[in-house]
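Undergrad: Here is my input; please provide its structure:
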Amino acid sequence: MLRGMARRSKTATADPVVVALRGLVDALEINIEVSRAAIARAHHIEELRDRGLPYTEIADATGRPLVVELITENLDRLRRTGATLRRAQAAALHDEGLTMDQIAELFGVTRQRISAILQSSV
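TA: The predicted model follows:
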């Protein structure tokens, strides 16, 4: 029993999919915080706009980062961590014997896209 647990633990820490999932979770947690900041800024901008301030004054009053910068940062973070997970998971599935067609069906993409993903993970 302990032997199997130790093997699982060691395997999980070295498993590229698990590492990628941990990175994704970290990114999602950061994105939650950044999203809350973006929501607060959006409400503040709406309040200033309701008071009749022009956007040029609002931009000066609210400073940086702008809401669009926060959203772009979130999207970029998800794109990077999602790509890492996609590569790791596609490689793991392929290593376990799934064909590129099967992986493509799972991922909802073409076989050619899976081929490119697998080549980029080498």
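Undergrad: make it CA atoms for all contacts and neighbour counts henceforth
TA: Fine.
Undergrad: Quick one: residues in contact with stretch 51-64.
TA: Contacts with stretch 51-64, where a contact means C-alpha atoms under 8 Å, 6 or more residues apart in numbering, come from 41, 45, 48, 49, 66.
Undergrad: quick one: contacts for residue 78?
TA: Residue 78 makes contact with 24, 27, 28 under the criterion C-alpha under 8 Å, 6+ apart.
Undergrad: In TSV, list the contacts of stretch 51-64 along with secondary structure.
TA: Supplementary listing: the contacts of stretch 51-64 in TSV, determined by DSSP: H, G, I helix; E, B strand; the rest coil:
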residue	secondary structure
41	helix
45	helix
48	helix
49	helix
66	coil
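Undergrad: now, which of those sits nearest residue 75?
TA: Nearest to residue 75 out of these is residue 66 (C-alpha to C-alpha; 14.4 Å).
Undergrad: Do you know the pLDDT at the closest one?
TA: With respect to pLDDT, residue 66 has a value of 93.
Undergrad: May I have the phi/psi pair for it?
TA: phi -70, psi 160 (degrees, to the nearest 10).
Undergrad: and what of residue 63?
TA: Backbone torsions for residue 63, taken as degrees, to the nearest 10, come to phi 70, psi -160.
Undergrad: Burial check on it, number of neighbours?
TA: The criterion is other C-alpha atoms under 10 Å. On that basis, residue 63 has 10 neighbouring residues.
Undergrad: And it, how far from residue 90?
TA: In this view, residue 63 and residue 90 are 42 Å apart by C-alpha to C-alpha, to the nearest Å.
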